[in-house]
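In: Below is the sequence, then the predicted model.
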Amino acid sequence: MSIKKDTLMGALMVIAAGSCWGMTGTVRALVAPASASSLTVGAARVFASGFILFIYSLLFRRKSVFTRGWNFSGILLAAFGLTAYQFAFFPAVFLTGVGIGSLVGLGAAPILAGFSGFLFFHEKLTGRWYLATSLAIVGCVLLATSGGYSGLGHADLLGIFLALCAGASYACQGVGLRIIGARDSIETVSWINMFSALMALPCLIIGDISWISEARGMLCVFILSVISTILPSILFAKGIKSLTLGRAYTLSLSEPLTAWFLSAALLGERLSAAGFAGVVLLLLGIVVLTLEKNYKDK
């Protein structure tokens with residue numbers, strides 16, 4: 001049986017979304033001013049994306065966005081996941097390095113998302129999903145226990161814990177999207193980011209955000225909000241419609257793989273032999289699911 005076009009396109013959209021998200025840690029490390037804290041960077045990212053989408057919705061989609069019929073429990077859950085992710089992920093990569101923080105944290109997301117889909121939405125967990133997820137787990141264990149990186153990255157226990165919290169928050173976004181249902185992807189992402197902006201606002205009010213007035217600060221917020229939040233969120237929301245949660249999140253491991261590649265190429269974070277083996281296993285997991293023929297088994 002051949003792979004259906006819509007499910008293949010959904011898989012490619014999720015992989016592309018992960019690649020955009022994978023830029024986040026490297027952009028924060030290279031572009032953000034030295035005075036920018038991890039918490040204010042994350043808060044500024046979601047607040048800016050929410051504000052941009054609010055203006056867009058107000059100008060171009062007022063009648064369809066600001067209308068009845070939305071499942072706000074799903075929107076709030078996804079918005080909470082998006083906000084919590086910021087406050088866990090950025091400190092995690094600060095403590096462990098961009099590559100290992102991304103790989104360890106996001107390697108846990110497919111497990112949590114897969115079992116959430118099974119428990120709450122009766123989505124079938126196939127043999128391929130178990131194989132791909134097992135490869136991801138072993139890869140993450142190799143990274144964490146071997147120290148992962150020589151140089152800038154290291155297996156900081158608090159950093160790994162925060163990275164796992166980021167992975168759980170990331171999985172919440174997918175569960176929220178499934179609860180929301182089949183709505184327009186741009187409008188769905190607009191609601192999620194608008195609520196997330198409100199959740200992040202207190203951190204901006206009490207934090208030092210003077211760095212945003214600098215040219216590098218404005219560039220950092222623009223890249224993080226538009227290229228690594230709005231664009232991949234729309235791709236992910238559209239792609240996940242034709243995939244189960246478990247498969248979508250395993251395919252989105254393109255995010256930590258992108259983070260690893262950029263951290264090695266631009267930040268000088270070098271993998272040890274065991275860490276490199278972990279990356280290979282994660283990549284194999286993505287390939288296993290990308291080539292699966294029936295993505296929507298239930």
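Out: Alright, I've got the coordinates.
In: helices or strands up against the helix or strand containing residue 132?
Out: Assigned by DSSP states H and E, residue 132 falls within helix 127-145. With contacts defined as 3 or more C-beta pairs under 8 Å, 6 or more residues apart in numbering; DSSP states H and E, helix 127-145 has these neighbours: helix 98-121, helix 245-251, helix 273-290. Heads up, the C-betas are built off the backbone N, CA and C, glycines and all.
In: can I get those in a markdown table with mean neighbour count and distance to residue 72?
Out: Listed next are the helices and strands packed on helix 127-145 as a markdown table, based on neighbours: other C-beta atoms under 10 Å; distance: least, C-beta to C-beta, whole Å:
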| stretch | mean neighbour count | distance to residue 72 |
| --- | --- | --- |
| helix 98-121 | 25 | 17 |
| helix 245-251 | 31 | 20 |
| helix 273-290 | 19 | 32 |
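In: Which of the ones you listed sits closest to residue 259?
Out: Nearest to residue 259 among the helices and strands packed on helix 127-145 is helix 98-121; the distance by C-beta to C-beta comes to 3.6 Å.
In: what is the rounded mean pLDDT of the closest one?
Out: Here the mean pLDDT over helix 98-121 is 74, rounded to a whole number.
In: CA atoms of stretch 8-27 as CSV?
Out: Extracted in CSV, the C-alpha atoms of stretch 8-27 (Å, rounded to 0.1, in the frame of the first residue of the first chain):
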residue,chain,number,x,y,z
LEU,A,8,3.1,12.3,3.6
MET,A,9,2.6,16.1,3.3
GLY,A,10,1.6,16.2,6.9
ALA,A,11,4.8,14.3,7.9
LEU,A,12,6.9,16.7,5.8
MET,A,13,5.2,19.7,7.4
VAL,A,14,5.9,18.4,10.9
ILE,A,15,9.6,17.8,10.0
ALA,A,16,9.8,21.3,8.6
ALA,A,17,8.2,22.7,11.7
GLY,A,18,10.7,20.9,13.9
SER,A,19,13.6,22.3,11.8
CYS,A,20,12.3,25.8,12.3
TRP,A,21,11.9,25.3,16.1
GLY,A,22,15.4,23.8,16.1
MET,A,23,16.9,27.2,15.4
THR,A,24,15.7,28.6,18.8
GLY,A,25,18.6,27.8,21.1
THR,A,26,21.2,28.8,18.6
VAL,A,27,19.5,32.1,17.8
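In: How about it, which residues are buried there?
Out: When neighbours are counted by 16 or more other C-beta atoms under 10 Å, the buried residues of stretch 8-27 are found to be 8, 10-11, 13-27.
In: Helix or strand with the lowest mean pLDDT in this structure?
Out: Ranking every helix and strand in the chain by mean pLDDT, DSSP states H and E puts strand 149-150 at the bottom, with a mean of 44.
In: residue ranges of the helices in the stretch 151-298 of the chain, please?
Out: Ranges of helices within the stretch 151-298 of the chain are 157-180, 185-206, 215-222, 231-239, 245-251, 254-266, 273-290, based on DSSP state H, counting those that start in this stretch.
In: Single out the most deeply packed of those helices.
Out: Each of the helices of the stretch 151-298 of the chain was assessed for mean neighbour count using mean count of other C-beta atoms under 10 Å. The highest is helix 245-251, with a mean of 31.
In: before we move on, back to that, what angle do helix 157-180 and the helix holding residue 132 make with each other?
Out: 150 degrees (axes from the mean of the first three to the mean of the last three C-alpha atoms, to 10 degrees).
In: what mean pLDDT does helix 127-145 have?
Out: For helix 127-145, the mean confidence score works out to 74.
In: cool, and stretch 198-214?
Out: The model assigns stretch 198-214 a mean pLDDT of 91.
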